[in-house]
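Undergrad: Give me the fold of what follows.
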Amino acid sequence: MGSGALASIVLLLSLYFLFLASLSSAEYCPPSPNSNSPPPPPPKAKSPPPPPHKVKSPPPPPPKVKSPPPPPMVRSSPPPPIVKSSPPPPPPPKAKSPPPPPMVKSPPPMVKSPPPPPPPPSLPQGTCPRDTLKLQACANVLNLLKIFVGEKEKAKCCSLIDGLVDLEAAVCLCTRIKVDLLGLIKLDVPVAVELLLNECDRKVAEDFKCPPY
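TA: Okay, here's the model as predicted:
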């Protein structure tokens, strides 16, 4: 459609130029000077026809942009086949534990009794196992040294012979009394010993005699 309109415009322009050329080539006859007739009016020049109205051709349509082809349909891979897991193997048979061995009662350990303590060394007959010098309180009980004697001296004397058998206590008292007397005072020593033992709730045989020096 655009090419046909352009050809018609070119044709009109060529006809217009031919018309102008024919007007310029026609002969003009001037009037004679003696004629009284007014000069003829000059020929009216025909105004050229207005140029044809240019019809604006519509802009060419934009080129069609080919839309990209749709991406090919990717077929999803089929899901993997479900593999059924094999059943678990049966548990191994439980091995029966052997019965525990019978409890054998061990005999109680032999506890050796400690050996009996050695017997105290036997003192020769008529000796005192204590230090007779410490028996001064017993001599004071008899008031041999003419000092005041009270209950404290009796208790002290009895504590000194504590742990001795009656016979040993009597021998110790005999020895101490003889040391204090030194032959200066006549005293029945066995009787004095018996008195001292009575103060301490001790007894001695009636036939007791002090051992000799």
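Undergrad: For the rest of this, base every contact and every neighbour count on C-alpha atoms.
TA: OK.
Undergrad: Now name the helix or strand holding residue 170.
TA: Assessed by DSSP states H and E, residue 170 sits inside helix 166-181.
Undergrad: buried stuff in the strand or helix carrying residue 194?
TA: Using DSSP H and E, residue 194 sits in helix 189-199. Using 16 or more other C-alpha atoms under 10 Å as the test for burial, helix 189-199 gives 189, 190, 192, 193, 194, 195, 196, 197.
Undergrad: okay, these in JSON lines with pLDDT and distance to residue 7 next?
TA: Shown next, in JSON lines, are the buried residues of helix 189-199 (pLDDT from 0 to 100; distance: C-alpha to C-alpha, whole Å):
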{"residue": "189", "pLDDT": "71", "distance to residue 7": "189"}
{"residue": "190", "pLDDT": "75", "distance to residue 7": "188"}
{"residue": "192", "pLDDT": "78", "distance to residue 7": "187"}
{"residue": "193", "pLDDT": "79", "distance to residue 7": "184"}
{"residue": "194", "pLDDT": "83", "distance to residue 7": "184"}
{"residue": "195", "pLDDT": "81", "distance to residue 7": "184"}
{"residue": "196", "pLDDT": "80", "distance to residue 7": "181"}
{"residue": "197", "pLDDT": "82", "distance to residue 7": "179"}
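Undergrad: Name the surrounding residues that touch stretch 197-213.
TA: 126, 154-155, 158, 166-167, 169-171, 174-175, 189-190, 194 (C-alpha atoms under 8 Å, 6 or more residues apart in numbering).
Undergrad: In those residues, which residue is surrounded by the most others?
TA: Each of those was scored by neighbours using other C-alpha atoms under 10 Å; the highest score is residue 170's, at 28 neighbours.
Undergrad: OK, contacts around the closest residue to that residue other than its chain neighbours?
TA: Closest residue in space to residue 170, ignoring its immediate chain neighbours: residue 193 at 6.2 Å, by C-alpha to C-alpha, 6 or more residues apart in numbering. Contacts were defined as C-alpha under 8 Å, 6+ apart; by that measure residue 193 touches 170, 173, 174.
Undergrad: got it, and residue 160?
TA: Neighbouring residues of residue 160 by C-alpha under 8 Å, 6+ apart: 134, 135.
Undergrad: For this protein, which element, helix or strand, carries the lowest mean pLDDT?
TA: Within the chain, confidence by mean pLDDT, DSSP states H and E is lowest for helix 136-141 among all helices and strands, at a mean of 72.
Undergrad: after that helix comes which helix or strand?
TA: Proceeding C-terminally, helix 136-141 gives way to helix 151-160 as the next helix or strand, assigned by DSSP H and E.
Undergrad: and that next one with helix 189-199, angle?
TA: Orientation note: helix 151-160 sits at an angle of 100 degrees relative to helix 189-199 (axes from the mean of the first three to the mean of the last three C-alpha atoms, to 10 degrees).
Undergrad: For helix 151-160, output the C-alpha coordinates as CSV.
TA: What follows is helix 151-160, C-alpha atoms only, in CSV (Å, rounded to 0.1, in the frame of the first residue of the first chain):
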residue,chain,number,x,y,z
GLU,A,151,41.5,-41.5,156.1
LYS,A,152,43.6,-40.3,153.2
GLU,A,153,46.6,-42.3,154.4
LYS,A,154,44.5,-45.4,154.7
ALA,A,155,43.2,-45.0,151.2
LYS,A,156,46.7,-44.3,149.9
CYS,A,157,48.1,-47.4,151.6
CYS,A,158,45.3,-49.6,150.2
SER,A,159,45.9,-48.3,146.7
LEU,A,160,49.6,-49.2,146.9
